[in-house]
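> can't give you the sequence, but here's the structure:
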């Protein structure tokens, strides 16, 4: 009876650890709470009542100038007041936004005492629909997966909070991105896999295989980023970060860390698949040797790697469809295209991440084969008969 209680405790303990981690992460400050650009202003929502586009200069695709909107402020100290908001257009389809009557906008209200002096329109207010989307996803996950779905949501929450409350602030404070990324990836790998298995041998096997694969990805990512002469400024908004007063950050090391962090999810997925397969085989055949278990794990890994590497390709290249269309539309030769630094950076992310997937299969098969079988690693010595 005590044995079954112990097994139950090991299975449910990661949930408790995860909940404690979420609670602590919600409480700890990032250290950048006072870094707001608009210290003497208030942020709130506003309903667009009317728009005036007479000051917009329309030259086809590019629109510049300003759009004036009549707003009703929602929430905050000026709740219900009518004000005029300014929406600046800079001629960038990527960054500009245009409002219509009935839209809800996020605004920054500057004031002097009880008088509104200026209202700048930041963007559309999407929080409501984002909340609906997140709630629908959570509900669907729980309906289909039950308790496992709840654990998946907990792992999702702790991952988001860890990245936002720990990883990003430590990067901004100048800590080494490689070591910070490895430490956080190891912490999340242990916790996420433990939520699947509990704290048992399967967890140890999957974590060991995953982290060995992540280490391979880390080393190769550092090596090929240097060989390809890739600067971390290829990351979106990285230059804006430098111009915001963080010019001492090593963007290239941050890019290197993003290589193995981005691949860690697929690596964990494959590691769990192989561990589960070996566990099932060993449960059916308790007399299986560790070598036979490793061989079975390798067979599963070979079958899974074919689709997992393509998964990484889709994940990384999906955001660069427009860039590929530009290359084709301009007739750019393939050799020029492959030498373009953004393409080379994507190749590093995709192929080096695939290296991690290829190596995690034998690593996990070996660790799971040794840890999950009951046969000894080395053959026992037999005493010769008289």
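Happy to help now that I have it. Remember, it's a predicted structure, so these values are computed and weren't measured experimentally.

> Residue 169 falls within a helix, correct?
Yes - using DSSP: H, G, I helix; E, B strand; the rest coil, the assignment for residue 169 is a helix.

> burial count for it?
Around residue 169 there are 15 other residues, counting by other C-beta atoms under 10 Å. (Each C-beta comes from the backbone N, C-alpha and C, glycine too.)

> Enumerate every residue touching it.
Counting by C-beta atoms under 8 Å, 6 or more residues apart in numbering, residue 169 touches 30, 31, 32.

> Please report how far the last one lies from residue 175.
So that's residue 32. Separation of residue 32 from residue 175 (C-beta to C-beta, to the nearest Å) stands at 14 Å.

> do residue 159 as well
Counting by C-beta to C-beta, the gap from residue 159 to residue 175 is 19 Å.

> do residue 51 as well
Applying C-beta to C-beta to residue 51 and residue 175 gives a distance of 46 Å.

> can you confirm residue 73 is in a strand?
Yes - assessed with three-state DSSP, residue 73 lies in a strand.

> What is the burial count for it?
22.

> so who does it touch?
44, 45, 46, 79, 80, 81, 82, 83, 107, 109, 116, 119.

> Would you mind naming the residues that bridge with it?
residue 46 (DSSP bridges).

> quick revisit: compare residue 32 and residue 175 (neighbour count), which wins?
residue 175 (14 against 11).

> The more buried one sits in which helix or strand?
For residue 175, there is no host helix or strand (DSSP states H and E).

> do the one 4 residues further on as well
Per DSSP H and E: residue 179 is located in helix 177-197.

> Which secondary structure elements does that helix sit against?
With contacts defined as 3 or more C-beta pairs under 8 Å, 6 or more residues apart in numbering; DSSP states H and E, helix 177-197 has these neighbours: helix 2-27, helix 147-162, helix 168-172, helix 201-227, helix 251-284.

> rerun that using 6 Å as the cut-off
helix 147-162, helix 201-227, helix 251-284 (3 or more C-beta pairs under 6 Å, 6 or more residues apart in numbering; DSSP states H and E).

> Flag every buried residue along the second one.
When neighbours are counted by 16 or more other C-beta atoms under 10 Å, the buried residues of helix 201-227 are found to be 201-218, 220-222, 224-225.

> Identify the residue nearest residue 350 in space, chain neighbours excluded?
Residue nearest to residue 350 in three dimensions, not counting chain neighbours: residue 316, with 4.9 Å by C-beta to C-beta, 6 or more residues apart in numbering.

> Next up, phi/psi of the one you found, please.
The phi and psi torsions at residue 316 (degrees, to the nearest 10) take the values phi -80, psi -40.

> ok, it - how many residues close by?
19.

> now it: how far from residue 59?
Distance from residue 316 to residue 59, by C-beta to C-beta: 35 Å.

> And residue 331, by the same measure?
For residue 331, the distance to residue 59 - C-beta to C-beta - is 27 Å.

> Tell me which residues are up against stretch 342-356.
Here stretch 342-356 makes contact (C-beta atoms under 6 Å, 6 or more residues apart in numbering) with 213, 216-217, 220-221, 224, 228, 230, 234, 259, 263, 267, 309, 312-313, 316, 337.

> and if we set it to 8 Å?
By C-beta under 8 Å, 6+ apart, stretch 342-356 touches 213-214, 216-217, 220-221, 224-225, 228, 230, 234, 255, 258-260, 262-264, 266-267, 309, 312-313, 316-317, 320, 323, 337-338.

> show me where pLDDT drops low in the stretch 1-150 of the chain?
1-7, 35-40 (pLDDT under 70).
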